[in-house]
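In: Next one to model:
(one chain, ligands or ions: 1)
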Amino acid sequence: MSLVKREMAEYEGKQRAAVDLLVKSGFLETCESHDEITYTVGGDEEVTEAYKLGNIQWNGGLKDVFKDRREMTDIIKATSEDSDYGEDGCNICRGLMSRD
Ligand SMILES: [Zn+2]
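Out: A predicted model of the protein is given here:
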């Protein structure tokens with residue numbers, strides 16, 4: 001694997017861990033019907049909660065995912081600001097509901 005590819009794979013792993021923490025803290029929610037759809041339900045408080053959860057789980061495996069705690073909070077923050085996560089729930093479910 002090239003260095004760039006490896007770095008990208010590493011970043012994906014970090015992002016997945018950040019999403020996981022944001023889901024657990026209640027900031028993000030995954031659609032019950034569509035695993036691949038994640039959307040925003042929380043605010044700043046839930047992002048802070050995700051940092052706390054990350055610190056609690058740090059020795060339980062996160063320290064192998066992230067370089068340090070600073071990197072973890074940076075990626076949690078970046079993920080929480082990711083515009084890919086809409087605020088109106090699941091697009092697919094909404095599409096199905098509005099269809100005649
Ligand atoms: Zn859905």
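
In: any idea of the mean pLDDT for the longest helix along the chain?
Out: Across the chain, the longest stretch assigned as helix under DSSP state H is helix 3-25. Across helix 3-25, pLDDT averages out at 93.

In: Just checking: what are the partner strands of the next helix or strand after it?
Out: Counting by DSSP states H and E, the element after helix 3-25 in chain order, helix or strand, is strand 28-30. Here strand 28-30 is paired, per DSSP bridges, with strand 38-40 (antiparallel).

In: for the ion, what are the nearby residues on this protein?
Out: 31, 33-34, 90, 92-93 (C-beta under 5 Å from the ion). From N, CA and C alone the C-beta is placed, and that goes for glycine too.

In: give me the number of residues near the residue nearest to residue 49 when sequence neighbours are not counted?
Out: Spatial nearest neighbour of residue 49, excluding adjacent residues (C-beta to C-beta, 6 or more residues apart in numbering): residue 25 at 3.8 Å. Neighbourhood size, residue 25 [other C-beta atoms under 10 Å]: 21.

In: quick one: residue 25 and residue 50 touch, right?
Out: Yes - with contacts counted by C-beta atoms under 8 Å, residue 25 reaches residue 50, the gap being 3.9 Å.

In: Distance check, residue 50 against the ion.
Out: Counting by C-beta to the ion, to the nearest Å, the separation of residue 50 from the ion is 22 Å.

In: where does that residue land in three-state SS?
Out: What DSSP: H, G, I helix; E, B strand; the rest coil gives for residue 50 is helix.

In: Return the distance of the most centrally placed residue in the chain relative to the ion.
Out: Most central in the chain under C-alpha atoms, centre = their mean is residue 19, positioned 1.6 Å from the mean C-alpha point. Separation of residue 19 from the ion (C-beta to the ion) stands at 16 Å.
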